[in-house]
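Trainee: predicted model, plus sequence, below.
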Amino acid sequence: MRFVCQESSMGLFVTLQSNFQHVLQYENLELQLKARSTIPHQELSAAAQHKLKELEEADPECKLGIEECLVLELLRWFKQDFFSWVDCLPCSRCGGPTKHDQGLSPTAEELRWEAQRVENHYCQSCRLPTRFPRLVVVGGGTSWT
């Protein structure tokens, strides 16, 4: 029984260590600057101020502040404006529709960015193949691709 506990503890330790290493990539200042450069700060700040004013007019005892409204605007922007769902890619050469073919093995670079699956999309017009890495995030039993 003691061996099973040690094995389980070691597995937990390895998982924690791996997750810790994963989180450290977000400390990279160059990546942080790159991410910040894509965010429309002024637009989101203005929208947050407008939203806060609306909330305060609707409820003078509103407990939300500008920071909370800014987070909500950032979330809205990310989900509606920045991010887009992709089933099949448009062809990068001719813009035509592509069709998903067989899966491919991830390259070292794709694995570096934690793409566990890579789809091969080929253009139905010009037959250009396009790699499409998909990030699979697992947390709490849920996975997103």
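Mentor: Sure thing, it's come through.

Trainee: in the chain, what helix or strand scores lowest on average pLDDT?
Mentor: strand 142-144 (a mean of 38; mean pLDDT, DSSP states H and E).

Trainee: break the chain into its domains for me.
Mentor: Following the assignment in automatic domain parsing, the chain carries domains at 1-38, 42-84, 86-136.

Trainee: next, format those domains as JSON lines and append mean neighbour count and mean pLDDT.
Mentor: Any C-beta I mention is one placed from the backbone N, CA and C, and that applies to glycine too. What follows is these, written out as JSON lines (neighbours: other Cβ atoms under 10 Å; pLDDT from 0 to 100):
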{"stretch": "domain 1-38", "mean neighbour count": "9", "mean pLDDT": "81"}
{"stretch": "domain 42-84", "mean neighbour count": "13", "mean pLDDT": "95"}
{"stretch": "domain 86-136", "mean neighbour count": "14", "mean pLDDT": "88"}
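
Trainee: show me which helix runs longest in this structure.
Mentor: If you go by DSSP state H, the chain has its longest helix at helix 2-24.

Trainee: list the helices and strands that one packs on?
Mentor: Where contact means 3 or more Cβ pairs under 8 Å, 6 or more residues apart in numbering; DSSP states H and E, helix 2-24 is not packed against any helix or strand.

Trainee: now the next helix or strand after it, how far from the chain's geometric center?
Mentor: Scanning forward in sequence from helix 2-24 by DSSP states H and E, the next helix or strand is helix 29-38. Taking Cα atoms, centre = their mean, to the nearest Å, one finds helix 29-38 lying 14 Å from the centre of the chain it belongs to.

Trainee: now do stretch 37-44
Mentor: How far stretch 37-44 lies from its chain's middle: 17 Å, per Cα atoms, centre = their mean.
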